[in-house]
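Asks: model the following, please.
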Amino acid sequence: MKRLKSIFVLAAAATLLASNAHAAKKVRWKLAMTWPSTLTPLADAPVKVAKLVKQMSGGNFIIQVHGKEKHKAALGILDMVKNGQYQMGHSASYYWKGKDIKTVFFTTVPFGMTAQEQYAWFYYGGGMELMKEVYDKFRVHSYPGGNTGVQMGGWFKKQINSLEDLQGLKMRIPGLAGEVFAKLGVNVTNIPAGELYTSLDRGTIDALEWVGPGMDIKMGFHKIAPYYYTGWHEPASEMHYLINKRAFKRLPDEYKTMLLTAMKAVTADMGYQNFAMSAKAWSEMKKVNLKIQVKTFPEPVLKAMKKATDEVLQGYAKNDPLFQKIYNSQQKFMEKARKWSEIGEFHYLQTSQAVKE
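Replies: So this is what the prediction gives:
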């Protein structure tokens, strides 16, 4: 009996020692961002993830975060993670539309879901499974990485009163929105971020879209363009984390849990931070330029945008069954979600405004 008891004690001790050794395993990863290290709040998110993982692991799981000024490949994140140069990346899914057009759905599409609706689709409407289906061929895992919410429709030097005002307009607007505007007669261009202010100021372009007040204020567009149009093209711009599958598989299970938990927590936090930044920045912008006017595109223009958007999306769907599957999934989910958004958020805002008046 004593011998049996001793065996149990030794077995328990061995298990504890093995567990401690496993938990103390040293892991060092590198994460590459599309953004420069100074671009708040996008660049803040991976840094916060790294900090949380380090704390939870007792300093044994370290993630070094590199901005684009370090690796010099802002739009090469997917390839670098896939090939193992970096174990992780932080970017936006629609940057890979040239590799696979289906990736746009996991950031946002014109006239798509709000951030709250989109998160519900990701986590409870099959979105994560569909994202996995798209990214498996790249040998990476993909997870939501923080949302900017509804992005503004852009800064314009001249007011848009009709579809005719879009003809020949020179505008910086990327992605599917650029394809939509091109169908409506806009001369679409994509200019590097560092050249945007000068291009708008000198008339090289007539308009541009960036993000929203919280990030736009740093660029100074409000000093030269008086018309700030409300959004339609990026209603819920989700960033995302990419993780090399082989590297993730080699992680101890507890480190996997730490990483996934940290990413999900910081993903939510980025949305809160961006909202707070925009609320603060908008009040500051108005002080700098009292002539700023918030505008919404006229109804005929919006209807033409929606029609063009449907044509672009349906054009891709014809030749790609998985694109059609994801498109149908989002549309079906949004139909239900939007009814609740209208009953809840939308009508509350209307009621709150009515009482205020």
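Asks: can you give me the helices in the stretch 201-350 of the chain?
Replies: Per DSSP state H, counting those that start in this stretch, the stretch 201-350 of the chain carries helices over the ranges 213-216, 245-250, 253-288, 299-318, 321-341, 347-356.
Asks: and the nearest residue to residue 190 once chain neighbours are set aside, how many residues sit next to it?
Replies: Spatially, and ignoring its direct neighbours in sequence, residue 190 is nearest to residue 174 (5.2 Å; C-beta to C-beta, 6 or more residues apart in numbering). Placement of C-beta: from N, CA and C, glycine included. By other C-beta atoms under 10 Å, 17 other residues sit near residue 174.
Asks: strands of the chain, residue ranges please.
Replies: Ranges of strands in the chain, per DSSP state E, are 27-33, 61-66, 88-92, 140-147, 154-156, 170-172, 187-189, 207-208, 227-229, 238-244, 293-295.
Asks: ok so, going back, relative to residue 34, how far out is the residue nearest to residue 190?
Replies: Look at residue 174 and residue 34: by C-beta to C-beta, to the nearest Å, they are 13 Å apart.
Asks: report the buried residues of stretch 290-304.
Replies: By 16 or more other C-beta atoms under 10 Å, the buried positions in stretch 290-304 come out as 292, 295, 297, 301, 304.
Asks: now stretch 30-44
Replies: Those buried within stretch 30-44 under the rule 16+ other C-beta under 10 Å are 30-35, 37, 39-44.
Asks: before we move on, what about stretch 142-162?
Replies: 142-157, 160.
Asks: so residue 309 sits against residue 111, correct?
Replies: Yes: counting by C-beta atoms under 8 Å, residue 309 does reach residue 111; the two are 5.6 Å apart.
Asks: out of these two, which sits in the more crowded spot?
Replies: Comparing residue 309 with residue 111 by other C-beta under 10 Å, the one with more neighbours is residue 309, at 21 against 16.
Asks: show the pLDDT at the nearest residue to that one once chain neighbours are set aside.
Replies: Nearest residue to residue 309 in three dimensions, chain neighbours excluded: residue 110, at 4.4 Å (C-beta to C-beta, 6+ apart). Listed pLDDT for residue 110 reads 97.
Asks: could you list the low-pLDDT ranges of this structure?
Replies: The chain contains residues with pLDDT under 70 at 1-24.
Asks: turn the strands of the chain into TSV, columns for distance to residue 98.
Replies: Shown next, in TSV, are these (distance: least, C-beta to C-beta, whole Å):
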stretch	distance to residue 98
strand 27-33	19
strand 61-66	23
strand 88-92	13
strand 140-147	17
strand 154-156	23
strand 170-172	18
strand 187-189	15
strand 207-208	21
strand 227-229	27
strand 238-244	16
strand 293-295	32
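Asks: which one of those strands lies nearest to residue 345?
Replies: Across these, residue 345 has its closest neighbour in strand 140-147 (15.4 Å, C-beta to C-beta).
Asks: parallel or antiparallel, list what pairs with that closest one.
Replies: Each strand paired with strand 140-147, and its direction, by DSSP bridges: strand 238-244 (antiparallel).
Asks: now do the partner strand and strand 27-33, the angle between them.
Replies: With axes from the mean of the first three to the mean of the last three C-alpha atoms, to 10 degrees defining the directions, strand 238-244 sits at 140 degrees from strand 27-33.
Asks: re the thing from before, and of the strands of the chain, who's closest to residue 216?
Replies: When those are compared by C-beta to C-beta, strand 154-156 sits nearest residue 216, at 7.5 Å.
Asks: and that closest one, how far out from the chain's middle?
Replies: Averaged C-alpha coordinates place strand 154-156 at 21 Å from its chain's average position (C-alpha atoms, centre = their mean, to the nearest Å).
Asks: just stretch 88-97 next, same as before
Replies: 8 Å.
Asks: one more: stretch 91-105?
Replies: The chain centre lies 11 Å from the centre of stretch 91-105; the measure is C-alpha atoms, centre = their mean.
Asks: now the terminal residues of that stretch, how far apart.
Replies: Stretch 91-105 has its terminal residues 14 Å apart, counting by C-alpha to C-alpha, to the nearest Å.
Asks: got the buried residues for it?
Replies: 91-97, 100-105.
Asks: and of those, the nearest to residue 258?
Replies: Taking C-beta to C-beta as the measure, residue 258 lies nearest residue 91 of the buried residues of stretch 91-105, at 21.8 Å.
Asks: residue 106: how many residues sit nearby?
Replies: Neighbour tally, residue 106, other C-beta under 10 Å: 25.
Asks: just checking, it touches residue 240?
Replies: Yes: counting by C-beta under 8 Å, residue 106 touches residue 240, with 6.3 Å between them.
Asks: for residue 77, see how far away residue 105 is.
Replies: Look at residue 105 and residue 77: by C-beta to C-beta, they are 18 Å apart.
Asks: scratch that, residue 167
Replies: Between residue 167 and residue 77 the computed distance is 36 Å (C-beta to C-beta).
Asks: the two: which is more packed in?
Replies: Shown here are residue 167 and residue 77; by other C-beta under 10 Å, residue 77 has more neighbours (27 against 11).
Asks: how about that one, nearest residue that isn't a chain neighbour?
Replies: residue 89 (3.9 Å).
Asks: that neighbour bridge partners, please.
Replies: residue 32, residue 242.
Asks: that one against residue 82, yeah?
Replies: No: the pair residue 89 and residue 82 fails to qualify as a contact (C-beta under 8 Å) at a distance of 9.2 Å.
Asks: who has more neighbours out of these two?
Replies: Neighbour totals were compared for residue 89 and residue 82, and residue 89 leads with 29 against 18 (other C-beta under 10 Å).
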